[in-house]
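Q: give the three-dimensional model of this entry:
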Amino acid sequence: MCSSDLAATPGGTGAVRQAFELARLANRDVRVFVSNPTWPNHVSMLRYLGIEMVPYRYFDEATCGVDFEGMTADLAQAKAGDVVLLHGCCHNPTGANLNTAQWQLVVDLLAKSGATPNAPKCTACPSTMTAPAGVAGGYADSAAPRYAAAVALAVADGSANNNLLTWCNVPAGSWLSGAATATAPGAVTACGTTTSTSPATIITGALSVQTAAAQCSKISSCAADKYLESNGAKAGATPNALICTACPTGMTAPAGTTLSSTHASAAATAIADGAANTNLITWCNVPEGSWLSGAATATAPGAVSSCGDVYQTTTSPATTITGALSVQTAIARCTLLSRCAAGEYLESDGSYQASATGLPAVTNKLVCTPCPTGMTALAGASYGTLTVAPTSAAAAAADTNLATFCNVPNNYWLSTAVTATTPGAVTACGAAFSPSHGTFKIGRASCRERV
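A: Below is the predicted model of the structure:
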C-alpha cells in the first residue's frame, strides 16, 4: 500500500479482521492457513466468519524456536486462492521468528504452490504525469476503500494480474500521447504552444490518445486586452496557428480563459483546416461608456466609439461579445444607465424639434433634475439598466417622461401623485403622527392618505 493512503483500523486485530473479510469477499471458499499456535483472536474471527482454518506447524518446544521443516511441509499444501497468515515479527504468542533466509524460502514455496497472491503496489507515474497526494505520486494504489472490490478480485485472481487500480493524470499544458489502458498508465507530451494550452485531464480508467490540436486549444493563453484568432498561415505542410492579437482601441478582453466547448471546437477546426483560416476564437468586449460602432464578425473583432460628451447624464453598460454581433446605436446603448447624482431623477426634457430645410432634427435630451423638497433618490447607477430613457431619447416628438423617480423618506407621505411626467411631492407627518415607513418609487403612484 502507498503510505499516504492507508486504511484506518481499530488496532492490529481490526486490521486482520478486515483482511479476512476481504479474502472472503474475493473467494467464498477461501482457506486461511494459520500458525499453531497463533493469537487466539485469529481463531475466533475465522470461526465467526465461517472461514475454513488450516493450521500449520510453527513452534518447536524442544528448541523454543521455529519448526521450519514442519512449517514448510504444511505450507506446501496451500494452493491458489488460499491465504496464509504470517507473523512478520515478534510471533504471538511464542516470540519465535524466521530469519531472512527462511523468509525467502517461504516466499519461494508459496510462489510455487500458487498461494502467493497478486498484490497491489505503488509505481511511479510516467514522466510529467501526476497523481493526487492520496496515492503518493504513484498509480495502482489499492488502499482507498472505493477500490476494495477491484483489489479483492485482483488478489484472488488465480493467474498473473497486472491491472491498474488507479491511473495517473495529464497535467495542464500537456496532452495524452500514449493511451491509458487496463495495464498501462499511458504517456503525455507537452503542448509547447504559447497562445493556447490544455486543461488537466483526470484519468480513472482506459482512455484513448488525445490530439494536440484538440486538447491544446482549450484554454487561451492571451494576455489581457488581446483576442485569440487563427493566423491563416496554412500553406502546404504549414498549418494554421493560433495567435494573440491586440484588441482594437477602446475594446477590452480578460486574460486567457477556458474556452467554451463551441470555441474550443472552433480552435481545433481552425488548426486542422486544410485552407487558410482567419477566424476569431475569442472576441473583445465593449466597455462601459462605449457602444459597438463596427460589427464583430467571424473574422474581425469590430470597433467601438465612446458615448462621450453627447451623453452627459447617461451612459452605456459593458457588452460581452462571444461571437458575431451587429452594430449598436449610440442612442440605444448610451441611454441605458443613469449618471444622475443622489437626490436627482432622470427625465426627458421634451426639446424635440423636427428637421427643417437645411436643419437636422433636434432630439429630446435626458437631463438630471433635483428631486422635490423632502424627496430622495439613489445615485443613478443604482437603478440598473433603464427602459424608458432610450425610448424617450429616440422619440420623434416632444417627450417629458421620467426615466427614474424620487422616493418618499421615513416620516413623510406622498401628498402629490407621481405620474409618467412628474415626480410628485411629499409632506412631513409632523409631531401629531407616529413615524411612517419610507416609500421607494420606480414608477407612478397615487397620493397616500396620512395615517
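Q: who are the packing partners of the longest helix along the chain?
A: Counting residues, the longest helix found in the chain (DSSP state H) is helix 11-26. Identification of packing neighbours for helix 11-26 by 3 or more C-beta pairs under 8 Å, 6 or more residues apart in numbering; DSSP states H and E yields helix 40-49, helix 148-156. All C-beta atoms are positioned from the backbone trio N, CA, C, and that covers glycine.
Q: report the contact partners of the residue lying closest to residue 425 once chain neighbours are set aside.
A: Distance criterion C-beta to C-beta, 6 or more residues apart in numbering; nearest residue to residue 425, sequence neighbours excluded, is residue 416 at 3.6 Å. Residue 416 makes contacts with 422, 424, 425, 426, 447, as judged by C-beta atoms under 8 Å, 6 or more residues apart in numbering.
Q: return the subset of these lying in strands.
A: Here DSSP state E is the test, and those give 425, 426 as lying in strands.
Q: can you put the contacts of residue 416 in CSV and add neighbour count?
A: Below are these laid out as CSV (neighbours: other C-beta atoms under 10 Å):
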residue, neighbour count
422, 15
424, 24
425, 19
426, 25
447, 14
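Q: list just the nearest of the contacts of residue 416 to residue 299.
A: residue 422 (51.2 Å; C-beta to C-beta).
Q: shouldn't residue 110 be within a helix?
A: Yes. With DSSP: H, G, I helix; E, B strand; the rest coil as the criterion, residue 110 is located in a helix.
Q: okay, it and residue 388: tell me how far apart.
A: Noted for residue 110: a distance of 87 Å to residue 388, by C-beta to C-beta, to the nearest Å.
Q: repeat that for residue 191.
A: Distance, residue 191 to residue 388, by C-beta to C-beta: 51 Å.
Q: cool, residue 60 as well?
A: Taking C-beta to C-beta, one finds residue 60 at 102 Å from residue 388.
Q: more crowded one of the two?
A: Legend: neighbour count by other C-beta atoms under 10 Å for residue 60 and residue 388, higher for residue 388 (19 against 16).
Q: could you chop the chain up by domain?
A: Domains of the chain are assigned by automatic domain parsing as 3-113, 126-140+162-216, 217-334, 335-451.
Q: how about CSV for those, with mean pLDDT added?
A: Putting the domains of the chain into CSV (pLDDT from 0 to 100) gives the following:
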stretch, mean pLDDT
domain 3-113, 86
domain 126-140+162-216, 88
domain 217-334, 95
domain 335-451, 87
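Q: return the backbone torsion pair for residue 408.
A: Recorded main-chain torsions at residue 408 are phi -100, psi 120, according to degrees, to the nearest 10.
Q: I misspoke; the intended subject was residue 269.
A: phi -60, psi -40.
Q: which residue is the nearest non-sequential neighbour of it?
A: Among residues not flanking residue 269 along the chain, residue 277 sits closest, at 7.8 Å (C-beta to C-beta, 6+ apart).
Q: I am finished for the moment; much appreciated.
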